[in-house]
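Student: with the sequence up front, the predicted model follows.
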Amino acid sequence: MRLPKRVPWSSLSEFEQVCSWIYQDENDLESKSLALNRLAAWKATCALPHALESTISLLSVILQDKLSPTSYSSAVIRLVNGFVDPLQSGVYARSIASIASQIGLPAWLVEVRHAATHEDLPSLELLREAARQSMAWLLQNYFLPTLTPTTNMSTIEAPPLRPVSPILAQYKTLLKITTRDASVHTQYKHEINAVLRELERWLSEAKVSANPLSGLNSQQDPSQLGEEEFKEYWSLEQLCEALMEPGAIVPLAKAKRIFPSDTFLPTESAVAIWTPLLQHVQSFHPDFLTVLSGSITSSLYLQHRGVDEGGARWDASFINSLSRWVYWAVSCAEDAPKEGNEASNQLRKDTIIALVTGIGPSLHQPNRDLAEALCEGDENLLGLLSLSLEPSQETWSEEAMLTMENRLQSLATNLSTNFERPNRGRSADRQV
């Protein structure tokens with residue numbers, strides 16, 4: 001659950017007063033001094049967001065206007081670093097210019113920061129202009145959105161996010177080569193690792209672009225997530241949507257969708273190609289398999305109901321392929337080391353409940369096969385599942401509806417209270 005944030009101002013009108021002191025008249029140094037004193041008082045009561053810390057630094061040098069450029073350069077460096085450094089959340093570092101561009105920070109401020117840090121200090125006149133531009137940027141990106149949060153959140157565009165499909169396509173090309181000829185794996189290992197690093201950088205960029213108003217597509221309730229958790233889930237969902245595109249984890253050609261007969265796993269070639277990438281993401285993002293399973297299940301529901309916004313309808317073999325990737329994700333989640341058996345079974349339980357209660361008795365055959373595969377080894381669950389998935393009738397009597405409701409409740413209760421990990425006779429070797 002998202003907790004309310006503590007703010008130093010007693011009311012929004014007090015915050016608006018400080019904003020007007022700073023920006024109403026650029027030449028009114030007395031009002032700026034009042035604003036600086038109020039900000040200092042706020043700082044004494046609680047920690048300030050970085051935007052206000054930077055405002056204090058910038059206002060101090062503007063009011064003093066020292067002849068030395070050192071104070072100006074320090075204020076600009078603090079502004080840029082404070083906004084960029086927290087976004088270096090990925091496994092691999094991204095360039096400051098890349099992050100600044102994504103959040104809309106002017107590129108030339110980054111160049112001023114670089115020059116002041118690693119080269120000779122820029123001229124005093126240039127630093128004064130940098131301070132003025134920094135204050136203007138804070139007005140547009142912090143003060144105004146804070147004053148009118150609803151209006152700005154609904155109209156402001158999220159930072160741009162480059163497509164991940166080219167990264168996935170490059171990875172697929174390399175893995176096709178190495179899976180066909182294992183002797184060249186060492187030769188391409190460096191290129192494959194470089195692609196995986198680029199994918200991690202993309203996930204970091206996606207977290208920056210996450211917009212709480214966009215919601216989530218999987219079964220996860222956004223209101224139960226903190227800000228960072230939401231960004232993590234949102235970025236992983238964007239990756240999962242790209243993975244579900246035809247030609248990614250599901251082969252583009254129907255002739256290549258030849259499934260193994262002894263297990264409910266995807267095609268052997270698809271598993272061989274995509275398992276290293278999926279395992280890599282899971283190793284750095286523990287919620288990935290949960291998001292992957294939830295995203296696919298939600299998409300299957302939309303396709304089943306005919307409300308998929310993508311427009312294209314999936315054929316049976318495509319749905320079958322995605323259903324098998326859900327089984328793969330659930331199985332891998334259980335095989336991964338976890339504390340306690342309950343946690344390892346949770347994804348399986350959630351997926352079964354989502355299939356039965358979401359899609360209901362009219363499950364398409366691939367989805368029905370998925371539900372049966374997930375219940376395999378537990379005769380009680382299989383019996384309850386078969387009752388819950390009886391063919392629908394044109395009209396339902398009140399008694400029949402009550403019977404179906406009791407069956408669904410019985411299935412959910414059984415999953416929640418007496419669920420044991422099934423003995424999957426159709427399982428294949430998997431490692432995460």
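Tutor: Everything's here; your move.
Student: can you give me the neighbour number for the closest residue to His50 other than its chain neighbours?
Tutor: Nearest in space to His50, with sequence neighbours left out and distances taken as CB to CB, 6 or more residues apart in numbering, is Gly82 at 4.0 Å. Any C-beta I mention is one placed from the backbone N, CA and C, and that applies to glycine too. Here the number of neighbours of Gly82 (other CB atoms under 10 Å) works out to 15.
Student: and for Val184?
Tutor: Applying the criterion other CB under 10 Å, we find 12 residues in the vicinity of Val184.
Student: quick one: it and Leu175 touch, right?
Tutor: No - applying CB atoms under 8 Å as the test, Val184 and Leu175 come out as separate, 11.4 Å apart.
Student: and the residue nearest to His50, how close does it get to Trp314?
Tutor: Between Gly82 and Trp314 the distance, using CB to CB, to the nearest Å, works out to 46 Å.
Student: check Leu105 too.
Tutor: Leu105 is 41 Å from Trp314, where distance means CB to CB.
Student: all strands for the stretch 1-150 of the chain, in order.
Tutor: All residues of the stretch 1-150 of the chain lie outside strands when identified by DSSP state E, counting those that start in this stretch.
Student: now stretch 367-376 - C-alpha only, CSV.
Tutor: Only the C-alpha atoms of stretch 367-376 are listed here, as CSV (Å, rounded to 0.1, in the frame of the first residue of the first chain):
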residue,chain,number,x,y,z
ASN,A,367,-6.3,-22.8,-21.6
ARG,A,368,-8.1,-25.8,-20.4
ASP,A,369,-5.0,-27.9,-21.0
LEU,A,370,-3.0,-25.3,-19.0
ALA,A,371,-5.4,-25.5,-16.1
GLU,A,372,-5.2,-29.3,-16.1
ALA,A,373,-1.4,-29.3,-16.4
LEU,A,374,-1.2,-27.0,-13.3
CYS,A,375,-3.6,-29.3,-11.4
GLU,A,376,-1.8,-32.5,-12.5
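Student: for it, what does the pLDDT average out to?
Tutor: In this model, stretch 367-376 has a mean pLDDT of 81.
Student: tell me how many other residues crowd the closest residue in space to Gln170 that isn't next to it in sequence.
Tutor: Distance criterion CB to CB, 6+ apart; nearest residue to Gln170, sequence neighbours excluded, is Val195 at 5.4 Å. Here the neighbour count serves as a burial measure; for Val195 (other CB under 10 Å) it reads 20.
Student: what does the lengthiest helix in the chain rub up against?
Tutor: Longest among the helix segments of the chain by residue count, using DSSP state H, is helix 185-209. Counting by CB atoms under 8 Å, 6 or more residues apart in numbering, the neighbours of helix 185-209 from elsewhere in the structure are 87-92, 94, 98-99, 102-103, 158-162, 164, 167-168, 170-171, 174-175, 177-178, 231-232, 234-236, 238-239, 276-277, 280-281, 284-285.
Student: any of those buried? List them.
Tutor: Neighbour counting by 16 or more other CB atoms under 10 Å classes 87, 90, 94, 99, 102, 159, 161, 164, 167-168, 170-171, 174-175, 178, 231-232, 234-236, 238-239, 277, 280-281, 285 among the contacts of helix 185-209 as buried.
Student: in helices, which of these appear?
Tutor: Residues from those lying in helices, with DSSP H as the criterion: 99, 102, 167-168, 170-171, 174-175, 178, 231-232, 234-236, 238-239, 277, 280-281.
Student: for the strand or helix carrying Thr275, buried residues please.
Tutor: If you go by DSSP states H and E, Thr275 is part of helix 268-284. When neighbours are counted by 16+ other CB under 10 Å, the buried residues of helix 268-284 are found to be 269-271, 273-275, 277-282.
Student: relative to helix 185-209, how tilted is it?
Tutor: Put simply, helix 268-284 runs at 50 degrees to helix 185-209, going by axes from the mean of the first three to the mean of the last three CA atoms, to 10 degrees.
Student: export helix 268-284 as PDB, just CAs?
Tutor: Listed in PDB are the C-alpha atoms of helix 268-284, where the atom choice follows Å, rounded to 0.1, in the frame of the first residue of the first chain:
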ATOM      1  CA  GLU A 268      12.100 -27.200 -27.500                       C
ATOM      2  CA  SER A 269      13.700 -24.600 -29.800                       C
ATOM      3  CA  ALA A 270      11.900 -21.700 -28.200                       C
ATOM      4  CA  VAL A 271      12.900 -22.900 -24.700                       C
ATOM      5  CA  ALA A 272      16.500 -23.300 -25.800                       C
ATOM      6  CA  ILE A 273      16.600 -19.800 -27.300                       C
ATOM      7  CA  TRP A 274      14.700 -17.800 -24.600                       C
ATOM      8  CA  THR A 275      15.500 -19.500 -21.300                       C
ATOM      9  CA  PRO A 276      18.900 -17.800 -20.900                       C
ATOM     10  CA  LEU A 277      17.400 -14.300 -21.300                       C
ATOM     11  CA  LEU A 278      14.400 -15.100 -19.100                       C
ATOM     12  CA  GLN A 279      16.700 -16.600 -16.400                       C
ATOM     13  CA  HIS A 280      18.900 -13.600 -16.600                       C
ATOM     14  CA  VAL A 281      16.000 -11.200 -16.000                       C
ATOM     15  CA  GLN A 282      14.600 -13.400 -13.200                       C
ATOM     16  CA  SER A 283      18.000 -13.400 -11.500                       C
ATOM     17  CA  PHE A 284      18.000  -9.600 -11.200                       C
END
